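Participant: I'll drop the sequence and a predicted model, then ask my questions.
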Amino acid sequence: MSGYTQELKELIKRVEATRHKRLESARQGHQFPPLTMEQRKEWLSEYHPDYKNEGRRAVRVGPNKGDVFPEEVADLLESGSRILPEKLVLDNTDYETDILVIGGGGSGTAAALMAQANGCKVILATKLRHGDSNTVMAEGGIQAADQENDSPYYHYLDVIGGGHFSNQPDLVAAMTNDAPLVIHWLESLGVMFDKHPDGRMLVRHGGGTSRKRMHSAGDMTGAEIMRVLKDETRNRTDIKVLEFSPAVELLLDTEGKCAGAILYNLETKEYYIVRAKAVIMATGGFGRLHIQGFPTTNHYGATGDGLIMAYRAGIKMRDLDSTQYHPTGAVYPEQNVGLLITEKVRGLGAHVLNIDGEEFCFPLEPRDVESACIIRECLEKGKGVPTPVGRVGVWLDSPMIESLHGEGTVKKELPAKYIQFKRYGIDISKEPMLIYPTLHYQNGGLMINSKNETSLPGLYCSGEVTGGAHGRNRLMGNSLLAILVFGRRSGKNAAEYVKGAVEKKSKPGLTIDHIVKFEKELKDALITNNAIGPIILPVYAPDHVKKRQWTAAV
Ligand code: MEZ
């Protein structure tokens, strides 16, 4: 029995009617032509949500004052602290360590491993369980130019082109040069990548890539990587993991260096002071802000916490007005709405089709362009497929994969997707999926250099919370890569910073003067929206009133 309604089943017949011809053409190497550079520009500016004027405004305080961001981001950057400075006592510390890593996803965990390997004691504080992060949600793969016909040079050019030449070149160079090393490191730790029977690495194309360099572990690449990193962390004695302990503010010392953070224990509802010689911020992205009302692929804790903590401490952002909408988010059944349908599905040859079963775009355009094409087809051309609850989408013709690569390929290459739909009576090896763009990634973020340093001594940042590596549009597989390259670099560089610091007899005092200053700025700008940040967990109750509800009780 199919999980599709009778109406949708009727529409699927149109997809089936064109499939044979499309398959023949694909077998002969024909493909729907990619857009020209001019068309790309035009379609992006007309249909991509980033180019809409509505839902944006200038932020009124802090280092990016005057810059226009999505309203949800501006609200976060103008939020008040959870900590009431006048009530906070900083005399006692609950934990002391060399390096505090904030965030227990792939980047934070890689950072912790490298910091420990470079001789430091580490505390890794994470909001939910260790590993709950966008890393485990990453499906299709990780890019690295480690094949004979490829080089980091081509990878670099693809990244810069995909990012519309807005990327920070030193970060792109670091990311693409370190990529083969990262794959080697992961393998040495035990990550099981997909391989050919003779042991060679299996690599595929992603959108916007000139070479096949996508390494995968089925359609659960991020989960496989996280499994291994987490195990490795737990095996190292100098890394202490604090779960259910989100950071809510950074601490500085009286010499103006970053010197720790205030954690909030979600279980006991207590605040803890952690003093550290360096801090690595790796809190991930902001998908749960639901920019422009889009559903998201992101995990429950993706609320942009690191952005506001670092912003209050004076760190500037870049490209935060640029959001990645993954072209293929599920739009049916309702229980799956927003969930990621990996780009690997198109990498394996599946076409993207309108209500008449016709192709309307090259399936492997860079993500922002592909999303713009889908939105155009639905909203402007009126050729989208309506769902029973009034959403709209287009077909992703997954059964083609079986015809192109042999029976059983869908189950073998896309096991997680297969199960996710089978649960609702849809067999994606036989029936197409209905998809629409979904909020997937925070392209911009905190500004860093290629040593992962910020403008605040002692504060390092890595992973999705940072901006620059991907410019204004990230290519597939470069998020898993970036979190690991920059996680490793931040761990190593922070360890060097710690080891190079001169030990003083008496430690400088801790301060939260930056919060006091920021609160004054909010007051002077007459900002009284009562929002508090970090958000920590998103609230979906419709009548929820955001208000400052907790005071510091250390
Ligand atoms: O890098 C990503 O976002 C990725 C690999 C997603 C996917 O389509 O699988």
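Facilitator: Noted; the coordinates are in hand.

Participant: Where does pLDDT dip in the protein?
Facilitator: Flagging of the chain using pLDDT under 70 yields the residue ranges 1, 542-554.

Participant: Which part of it gets nearest to the ligand, residue-wise?
Facilitator: Of all residues in the chain, Gly140 sits closest to the ligand, at 2.6 Å by Cβ to the nearest ligand atom. The C-beta positions use only the backbone N, C-alpha and C, and glycine is treated the same way.

Participant: mind listing the strands in the stretch 151-300 of the chain by residue range?
Facilitator: Defined through DSSP state E, counting those that start in this stretch, the strands belonging to the stretch 151-300 of the chain, from first to last, are 203-204, 214-215, 239-242, 247-253, 258-264, 271-281.

Participant: tell me the domain boundaries of the chain?
Facilitator: The record assigns the chain these domain ranges, following automatic domain parsing: 6-51+324-440, 85-136+220-322+443-500.

Participant: Go ahead and confirm Phe286 touches Gln442.
Facilitator: Yes: when contacts are counted by Cβ atoms under 8 Å, Phe286 is listed as touching Gln442 (4.9 Å).

Participant: Return every residue with contacts to both of these two.
Facilitator: Listed contacts common to Phe286 and Gln442 are Gly304; contacts here mean Cβ atoms under 8 Å, 6 or more residues apart in numbering.

Participant: for the nearest residue to Ala310 once chain neighbours are set aside, which residues make a bridge with it?
Facilitator: Once its chain neighbours are removed from consideration, Ala310 has its nearest residue in Leu446; the separation is 5.2 Å (Cβ to Cβ, 6 or more residues apart in numbering). For Leu446, the beta-bridge partners under DSSP bridges are Met317, Thr466.

Participant: Leu307 is in contact with Leu446, correct?
Facilitator: Yes: counting by Cβ under 8 Å, a contact exists between Leu446 and Leu307, whose distance comes to 6.8 Å.

Participant: Looking at the two, which one has more neighbours?
Facilitator: Ranked by neighbour count (other Cβ atoms under 10 Å), Leu446 and Leu307 place Leu307 first, with 30 against 25.

Participant: what helix or strand does the more buried one sit in?
Facilitator: Per DSSP states H and E, Leu307 falls inside helix 305-312.

Participant: how about the CA coordinates for that helix, as CSV?
Facilitator: What follows is the C-alpha trace of helix 305-312 in CSV, where atoms were taken according to Å, rounded to 0.1, in the frame of the first residue of the first chain:
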residue,chain,number,x,y,z
ASP,A,305,23.9,30.4,20.6
GLY,A,306,27.5,31.0,19.8
LEU,A,307,26.7,34.0,17.6
ILE,A,308,25.1,36.0,20.4
MET,A,309,27.7,35.1,23.0
ALA,A,310,30.6,36.1,20.8
TYR,A,311,28.8,39.2,19.5
ARG,A,312,28.4,40.5,23.0
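
Participant: that older thread, can you give me the neighbour number for the residue of the chain closest to the ligand?
Facilitator: The local packing count at Gly140 equals 28, with neighbours defined by other Cβ under 10 Å.

Participant: quick one: it from Glu16, how far?
Facilitator: Using Cβ to Cβ, to the nearest Å, we find Gly140 at a distance of 26 Å from Glu16.

Participant: With Ile483 instead?
Facilitator: Note on Ile483: its distance to Glu16, by Cβ to Cβ, is 40 Å.

Participant: Likewise for Gly314?
Facilitator: Gly314 sits 58 Å away from Glu16, going by Cβ to Cβ.

Participant: So which of the two has more stuff around it?
Facilitator: Neighbour count, other Cβ under 10 Å: between Gly314 and Glu16, Gly314 has more, with 18 against 13.

Participant: so Lys451 touches Ala495, yeah?
Facilitator: No: under the contact definition of Cβ under 8 Å, Lys451 does not touch Ala495, with a separation of 11.7 Å.

Participant: pretty sure Gln147 is in contact with Leu202, am I right?
Facilitator: No: judged on Cβ under 8 Å, Gln147 makes no contact with Leu202 at a distance of 10.5 Å.

Participant: all helices for the stretch 151-300 of the chain, in order.
Facilitator: If DSSP state H, counting those that start in this stretch is used as the criterion, the helices of the stretch 151-300 of the chain fall at 152-162, 169-189, 221-234.

Participant: Please list the residues outside the first one that contact it.
Facilitator: With contact meaning Cβ under 8 Å, 6+ apart, helix 152-162 is reached by 143-145, 167, 169, 172-173, 175-177, 179-180, 207-211, 213, 366, 469-471, 473-475, 478.

Participant: one more time with 7 Å, if that's ok
Facilitator: With contact meaning Cβ atoms under 7 Å, 6 or more residues apart in numbering, helix 152-162 is reached by 143, 145, 167, 172-173, 176-177, 179, 208-211, 213, 366, 473, 475, 478.

Participant: With the second one instead?
Facilitator: Where contact means Cβ under 7 Å, 6+ apart, the residues beyond helix 169-189 that reach it are 143-146, 152, 155-156, 159-160, 193, 215, 225, 228, 232, 449-450, 468-469, 478, 481-482, 484-485, 489.

Participant: among those residues, which ones are buried?
Facilitator: The neighbour-count criterion (16 or more other Cβ atoms under 10 Å) marks 143-146, 152, 155-156, 159-160, 193, 215, 225, 228, 232, 450, 468-469, 478, 481-482, 484-485, 489 among these as buried.

Participant: And the contacts of stretch 199-216?
Facilitator: When contacts are defined by Cβ under 7 Å, 6+ apart, stretch 199-216 is touched by residues 140-145, 147, 149-150, 154-155, 158, 161-162, 183, 193-196, 343-344, 347, 364-367, 370, 475-477.

Participant: Could you identify the buried members of the residues you listed?
Facilitator: Buried by 16+ other Cβ under 10 Å: 140-145, 150, 154-155, 158, 161-162, 183, 193-194, 343-344, 347, 364-367, 370, 475-477, out of those.

Participant: In which helix or strand does the residue nearest to the spatial centre of the chain reside?
Facilitator: Central residue of the chain (Cα atoms, centre = their mean): Tyr441, 4.3 Å from the mean position. Taking DSSP H and E as the criterion, Tyr441 maps to strand 433-442.
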